[in-house]
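Trainee: pasting a predicted model and its sequence here:
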2 protein chains.
Amino acid sequence: MRLPAPARREQILDVSVQVFARRGFHSTSMNDVADAAGVTKPVLYQHFDSKQDLYLALLDEAGNRLRNSVTKAVAGAASGKEQTEMGFKAYFHWVAEDHDAFLLLFGSRASRDEESTAAIRRITAETAHAIAPLIAVDIDPEHQRVLAQGLVGLAEGVSRHLVERGESFDAEQLGQQIADLAWAGLRAVHRNP
Amino acid sequence: MRLPAPARREQILDVSVQVFARRGFHSTSMNDVADAAGVTKPVLYQHFDSKQDLYLALLDEAGNRLRNSVTKAVAGAASGKEQTEMGFKAYFHWVAEDHDAFLLLFGSRASRDEESTAAIRRITAETAHAIAPLIAVDIDPEHQRVLAQGLVGLAEGVSRHLVERGESFDAEQLGQQIADLAWAGLRAVHRNP
DNA sequence: TGGGGTTGTTACCCTGGGGTAACTGTTATG
DNA sequence: CATAACAGTTACCCCAGGGTAACAACCCCA
């Protein structure tokens, strides 16, 4: 089945995010990707320079979707407490919906050579950056960053636990609970500097 | 320089934990390990059946050290609050001291094929298990597990942030702060079931 | 001092898999 | 239709790197 170039490119991206998410970068050969796309290897190389290139494109797209949804959610809330809630809920909604993307970025099978690591780190850092304002201003900025990173890890840990076991969950409710935990925790840290 | 078998084995383990921690599983060849140990490849295969086998041995050792220190710390504390503090402090002490082991298990370059993933997951699960009792008993057990996993993720996220940037930190102080956050957070979750 | 066990080396095999050259259909347009 | 531009395939190259067979040095003990 023949496809025009841009459509094929999209299809390859769609298919390969699934394949890479499930089997990991190194266990997935370009032939695997090609097979999954119902096509042969050279076609892949018409659209992407290398395996790396394809993989990085995937990471980039996934990262954007994550960043967008969290940033948007936090921006649409007024109080710090509400921001926390909206942020976590958005995160868990993204995990629930963009399942494969989550595994690609944070699943235990994620690749992580020099470049991919950098890409993923950038995404985590951006997410942490979006969360940083939640944290009381009168704390040492470096320490703020550490806490933000911790909250991201919190959400990540919970998600990985659930996703890798294939358990479904209610993003709204889970987000509320984790946000409660985070918010109360942050206020406590604030009180004991 | 010749060594008796058990000593050589130890030396290989010592050296390879560093190499794997820095460059990751896939980017490290057995020749790299051999070079780092000042020896040639076949020697490695006298002590380990395969690359996998060596790597799993490393994961296992690292995991044991982590589990031991956390479990011991938690066991030596009375109140829930104190357990939380001791637990997190122990975790961060381990990170600070057993630097390479942390990267091996949780660094972004960790390998993660079928078996390694399982090994690492087991360790995380065990750590979460050690933490679970901290969480109020009147919560749905499944939910308890999720929270425990989240706390592990919290510590992991903070540590990764610090370690991968090569920043040094005061384990005692950091542990105290994160424990404050976690403890206050847990009590909040408890109040809103 | 010489032979058996032990430690180590050299030199190789061999497969997986990333990447490509050269060719074959297929669609659009004058 | 003819032909160019495009989509796709077959068949291959090639090498990194895991793993091993065969050989060499060394050490200990009778």
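Mentor: Nice, thanks for sending it over. Numbering: from 1, shown residues only, chains lettered A, B, ... in the order given.

Trainee: pLDDT weak spots in chain A?
Mentor: Applying pLDDT under 70 to chain A flags residues A:192-193.

Trainee: helices of that one, start to end?
Mentor: A:5-23, A:30-37, A:41-47, A:51-75, A:80-97, A:99-106, A:114-131, A:141-164, A:171-191 (DSSP state H).

Trainee: run the chain-centre distance for the last one.
Mentor: Which is helix A:171-191. Relative to its chain's centre, helix A:171-191 lies at 20 Å (C-alpha atoms, centre = their mean, to the nearest Å).

Trainee: redo the helices of chain A as CSV? Include mean neighbour count and distance to chain B.
Mentor: Glycine gets a C-beta too; all of them are placed from N, C-alpha and C. Below are the helices of chain A laid out as CSV (neighbours: other C-beta atoms under 10 Å in any protein chain shown; distance: least, C-beta to the nearest C-beta, whole Å):
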stretch, mean neighbour count, distance to chain B
helix A:5-23, 17, 10
helix A:30-37, 17, 15
helix A:41-47, 14, 21
helix A:51-75, 18, 12
helix A:80-97, 21, 11
helix A:99-106, 22, 10
helix A:114-131, 18, 5
helix A:141-164, 23, 1
helix A:171-191, 21, 3
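
Trainee: show me which residues of chain A are close to DNA strand C?
Mentor: A:Arg2, A:Ser27, A:Thr28, A:Ser29, A:Met30, A:Asn31, A:Lys41, A:Pro42, A:Tyr45, A:Ser50, A:Lys51, A:Gln52 (C-beta under 7 Å from any atom of the strand).

Trainee: any chance of the helices of chain A in JSON lines, with distance to DNA strand D too?
Mentor: Below are those laid out as JSON lines (distance: least, C-beta to the nearest atom of the strand, whole Å):
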{"stretch": "helix A:5-23", "distance to DNA strand D": "4"}
{"stretch": "helix A:30-37", "distance to DNA strand D": "7"}
{"stretch": "helix A:41-47", "distance to DNA strand D": "4"}
{"stretch": "helix A:51-75", "distance to DNA strand D": "14"}
{"stretch": "helix A:80-97", "distance to DNA strand D": "29"}
{"stretch": "helix A:99-106", "distance to DNA strand D": "23"}
{"stretch": "helix A:114-131", "distance to DNA strand D": "13"}
{"stretch": "helix A:141-164", "distance to DNA strand D": "26"}
{"stretch": "helix A:171-191", "distance to DNA strand D": "37"}
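
Trainee: figure out which of those helices is closest to B:Lys72.
Mentor: For these, proximity to B:Lys72 was assessed by C-beta to C-beta; helix A:141-164 is nearest, at 22.6 Å.

Trainee: other SSEs contacting the closest one?
Mentor: If you count contacts as 3 or more C-beta pairs under 8 Å, 6 or more residues apart in numbering or on different chains; DSSP states H and E, helix A:141-164 packs onto helix A:80-97, helix A:99-106, helix A:114-131, helix A:171-191, helix B:141-164, helix B:171-191.

Trainee: which one of these lies closest to B:Ala21?
Mentor: Among those, helix B:141-164 comes nearest to B:Ala21, with 9.9 Å by C-beta to C-beta.

Trainee: can you show me the CA trace of that closest one as PDB?
Mentor: The C-alpha coordinates for helix B:141-164 follow below in PDB (Å, rounded to 0.1, in the frame of the first residue of the first chain):
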ATOM      1  CA  PRO B 141      -3.700  -1.600  50.400                       C
ATOM      2  CA  GLU B 142      -3.300  -1.200  46.700                       C
ATOM      3  CA  HIS B 143      -3.300   2.500  47.200                       C
ATOM      4  CA  GLN B 144      -0.700   2.100  49.900                       C
ATOM      5  CA  ARG B 145       1.600   0.400  47.400                       C
ATOM      6  CA  VAL B 146       1.100   3.200  44.900                       C
ATOM      7  CA  LEU B 147       2.000   5.800  47.500                       C
ATOM      8  CA  ALA B 148       5.100   3.800  48.700                       C
ATOM      9  CA  GLN B 149       6.200   3.600  45.100                       C
ATOM     10  CA  GLY B 150       5.700   7.300  44.800                       C
ATOM     11  CA  LEU B 151       7.900   8.000  47.700                       C
ATOM     12  CA  VAL B 152      10.600   5.800  46.300                       C
ATOM     13  CA  GLY B 153      10.300   7.800  43.100                       C
ATOM     14  CA  LEU B 154      10.600  11.000  45.000                       C
ATOM     15  CA  ALA B 155      13.900   9.900  46.500                       C
ATOM     16  CA  GLU B 156      15.100   8.600  43.200                       C
ATOM     17  CA  GLY B 157      14.200  11.800  41.400                       C
ATOM     18  CA  VAL B 158      16.000  14.000  43.800                       C
ATOM     19  CA  SER B 159      19.000  11.800  43.800                       C
ATOM     20  CA  ARG B 160      19.300  11.500  40.000                       C
ATOM     21  CA  HIS B 161      19.000  15.200  39.800                       C
ATOM     22  CA  LEU B 162      21.900  15.700  42.100                       C
ATOM     23  CA  VAL B 163      24.100  12.800  41.200                       C
ATOM     24  CA  GLU B 164      24.000  13.300  37.400                       C
END
